[in-house]
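1. Return atomic coordinates for the entry below.
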Amino acid sequence: MASTTYGLRGRDYHPSSQLPRLKLEATHCQACGQFHELGSVHLYDYHQAVDEDLICHICLQPLVSPLDTKCGHTFCSLCLKNYLKLQKMCPVDRLSLSFKDCQPASIMVKRLLDKLLVVCPNVDYCEEVLPRCDLESHLQNRCKGAITKCVKSRLGCTFQGPRSALHSHLWECPYTEKDENIMVPVIEGEVTTIDIARGSFDLGVSIVGGCDTPLMCSVIQEIFPDSVVAKDGRLAPGDLLLEVNGEDLTVASHVESIRAMRQPYTICRLTVYREKAEESMPIEKEEILKFTLHKKSGKQLGIKLVGKKSGFGVFILELLSSGLAAQDGRLKADDRILEINSIDVTQGSQEEAARIIQASIEKVQFVISRRTRPQTPDLIRSASRDSMARGSGSDKELDKVVPPKQYKERLVTIIKDSAESLGISVAGGVGSQRGDVPIYITNIQPAGCVGRTKQVKKGDVLVSINGLRLVDLTHAEAIRLLKASAESKALSLRILDAVETVEGAINFTPSWLYWLQMPSGCQTEKIISLEKSPGGSLGLAIVGGCDSSHGNQPIFVKSVVMYTPAAKDGRIRCGDMILSVNGESLQNITHANAVSLLKSIKGTVTLTVVSWPGSVV
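-> Alright, predicted model coming up:
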């Protein structure tokens, strides 16, 4: 018999309406965003038709917290509980039944229900369509139409309204953070809006990332001592920047983020997100996928299976390149196999799974679970106003990634008086205040011998002078060498043409993008050894890889989670490039394999990294 589908709208029904009960007052539910009686089944507006097999035969709606009966039927837990209070029999076949004869539905059914697409109930403010399991988090943290209190409600503010109106209210809120000396804290795992009084000063932080970089979001890399932000004390390295003074940073390039952060508002209003420590948060997303592979005479599927010491389950260890599975391309290493030909293997062994596959004659149907860490948190994409993924929106966003400019090396010859100075100011050097960076020109005197040539500009990197290399020298060593060479009447400067510069009398300050495009010959590698936490975590979130959506990218540190080994050590920063792990190169490695490598190492992990300073705001 063919399965029937129903197009359902959650507001059009009354749960358990067939059952007599007391009339209760409907209240606003924080979980589903609808008004319903306290303790009754949640209501949802479904975006698509729902298969009949996922429908509760009591309320005639998609199952919520499903229970299986001993006679093989499935109902909403609450619907069935209320029904059995009145009649001790199955609502479908009328067989004798008690609540203790029921058990939670299979993991597969629950996952299928979690994936049902629902419409955000706040349709006047929000057009989001998302999996049912994500709705509660969406309503609590991201929905523009969700009813929220003022962040200063503890000070007495009585504002309640949609989140989209909160920003406008905050500008006019009569309660200030100075009242009773209470300030809104930044809470892990939540979106927080804070006000920082900056006056006419810089914020005193450096930032990395942007939607045009491999990080795909803007992140605080460093907070400078005695700065405005340091004195405020609430922000931390690794905080993700979502909005500043009403400007959306989730769709801003690195340059646009810098410009927005430098706007001269006396009060800087920042909306940020701080990731939770990995031990207490789910850092991966899970996809349930179904694939069918057709067997061919004389050809093997080429799937190597393995069990995991950490628990039950059968996983794909490797796909042989000559096998049908590898040529098909849909199965991947580390996929967990949940079902084979409709047989549940979640608690099975690799031997049992292999027997089922070998017994299949024409085809093998797999249901697998695939865990992935998003390149950018779901929160960041959801906070975006104009580039929400309605279909292929995320792909359009990736198209904005700008190919890096290339530094070009050239030789400049200068003829000068022996007593004449070079007439330039430089910064950088190994061990300099901002890290291990090459020597670069910050300013040029137009009347000086270098300025007169008009062949050198601010931002150019000095590779050598008169054949003597300046790379890998400290700032003091480089200054001594430049002064000694300046006594010559003829100078030979080997420079890298700057990809950034500045006009006028002001000093040149490089951005993070300036360093990101530096050739490998100017990179200073450092070795960092870290001990994993008891839970096996370093506290790093990484992005990039040869399979990155915007090309072959190095592996970057996207964020360093507070209170983890990496954060406590302090040497690894957001935006750093990881070149190798325990001597194994990460060049041309996929993101998944880089994650697996980091996870597989026990105890001490030795990283080779290149660290570039972020852009100062």
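
2. which stretches of the stretch 351-500 of the chain form strands?
-> Under the criterion DSSP state E, counting those that start in this stretch, strands of the stretch 351-500 of the chain are mapped to 363-372, 409-415, 424-432, 435-444, 461-465, 468-469, 490-496.

3. got a list of contacts for the first one?
-> When contacts are defined by Cβ atoms under 8 Å, 6 or more residues apart in numbering, strand 363-372 is touched by residues 108, 284-295, 301, 316, 331-332, 334-342, 357, 592. (Each C-beta comes from the backbone N, C-alpha and C, glycine too.)

4. Just the buried subset of those residues, please.
-> Buried subset of these (neighbour count, 16 or more other Cβ atoms under 10 Å): 293, 301, 316, 331-332, 334-340, 357, 592.

5. picking up where we left off before, restricted to helices, list the contacts of strand 363-372.
-> Judged by DSSP state H, these include Met108, Ile357, Ala592 as members of helices.

6. Between those residues, which sits nearest Ile55?
-> Using Cβ to Cβ, Met108 is the member of those that sits closest to Ile55, with 16.2 Å.

7. Wait, a helix at Asp53?
-> Yes - Asp53 sits within a helix when classified using DSSP: H, G, I helix; E, B strand; the rest coil.

8. Make 43 the starting number, not 1.
-> Let's use 43 as the start, then, which means that last one is Asp95.

9. Could you report the pLDDT at it?
-> Looking at Asp95, its pLDDT is 89.

10. so how far is Lys574 from the closest residue to Val286 other than its chain neighbours?
-> Once flanking residues are discounted, Val286 sits nearest to Ala302: 5.0 Å by Cβ to Cβ, 6 or more residues apart in numbering. To Lys574, Ala302 is 37 Å away according to Cβ to Cβ, to the nearest Å.

11. and what of Met258?
-> Using Cβ to Cβ, Met258 is found at 26 Å from Lys574.

12. Equivalent analysis for Asn383, please.
-> 39 Å.

13. before we move on, the earlier item: could you list which of the buried ones among the contacts of strand 405-414 belong to strands?
-> Leu335, Ile358, Arg378, Ile379, Leu380, Glu381, Ile382 (DSSP state E).

14. what two of those are the furthest from one another?
-> Leu335 and Arg378 (16.7 Å).

15. Confirm that Ala609 sits in a strand.
-> No - applying three-state DSSP, one finds Ala609 to be helix, outside a strand.

16. so how far does stretch 210-225 reach from one end to the other?
-> Stretch 210-225 has an end-to-end distance of 19 Å (Cα to Cα, to the nearest Å).

17. Average pLDDT for that stretch, rounded please.
-> For stretch 210-225, the mean pLDDT works out to 64.

18. for stretch 620-639, same thing?
-> Stretch 620-639 shows an average pLDDT of 90 in the prediction.

19. what does stretch 572-590 give?
-> For stretch 572-590, the mean confidence score works out to 84.

20. What residues of it count as buried?
-> The neighbour-count check on stretch 572-590 (16+ other Cβ under 10 Å) flags 572, 574-575, 579-588, 590 as buried.

21. Stretch 226-236 too?
-> Across stretch 226-236, burial judged by 16+ other Cβ under 10 Å covers Val226, Val228, Glu230, Val233, Thr234, Thr235, Ile236.

22. quick one on the thing from earlier: with respect to pLDDT, which of the buried ones among the contacts of strand 405-414 ranks lowest?
-> Ranked by pLDDT, those bottom out at Asp376 (80).

23. In contact with that residue, which residues are there?
-> Taking Cβ under 8 Å, 6+ apart as the criterion, Asp376 is in contact with Phe357, Ile358, Arg412, Arg413, Ala634, Ser638.

24. Show me what the second one bridges to in the sheet.
-> By that I understand Ile358. Ile358 forms beta bridges with Leu347, as assigned by DSSP bridges.

25. try the third one
-> Beta-bridge partners of Arg412, counted by DSSP bridges, are Glu329.

26. so where does the closest residue to Ile309 other than its chain neighbours fall, helix or strand?
-> Counting by Cβ to Cβ, 6+ apart, Ile309 lies nearest to Asp237, which is 5.4 Å off, once chain neighbours are set aside. Using DSSP states H and E, Asp237 maps to strand 233-239.

27. Only alpha carbons, please: show that strand as PDB.
-> C-alpha atoms of strand 233-239 as PDB (Å, rounded to 0.1, in the frame of the first residue of the first chain):
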ATOM      1  CA  VAL A 233      24.400  35.700  21.600                       C
ATOM      2  CA  THR A 234      25.200  38.700  23.800                       C
ATOM      3  CA  THR A 235      24.900  42.400  23.100                       C
ATOM      4  CA  ILE A 236      27.100  44.700  25.200                       C
ATOM      5  CA  ASP A 237      27.900  48.500  25.300                       C
ATOM      6  CA  ILE A 238      31.500  49.600  25.700                       C
ATOM      7  CA  ALA A 239      32.200  53.200  26.400                       C
END
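
28. Which parts of the stretch 543-659 of the chain are strands?
-> Per DSSP E, counting those that start in this stretch, the stretch 543-659 of the chain carries strands over the ranges 568-573, 582-587, 595-602, 619-623, 626-627, 646-652, 657-658.

29. May I have the beta-bridge partners of Arg511?
-> With DSSP bridges as the rule, Arg511 is bridged to Ser506.

30. What about it, how many residues nearby?
-> Close neighbours of Arg511, defined as other Cβ atoms under 10 Å, add up to 13.

31. just the one 3 residues further on next, same as before
-> Per other Cβ under 10 Å, the neighbour tally for Asp514 reads 14.

32. shouldn't it be in contact with Thr566?
-> Yes - using Cβ atoms under 8 Å, Asp514 is in contact with Thr566, at 6.7 Å.

33. Mind listing the shared neighbours of these two?
-> Joint contacts of Asp514 and Thr566 (Cβ under 8 Å, 6+ apart) are Val472.

34. what about Gly288, distance to Ser210?
-> Taking Cβ to Cβ as the measure, Gly288 falls 9 Å from Ser210.
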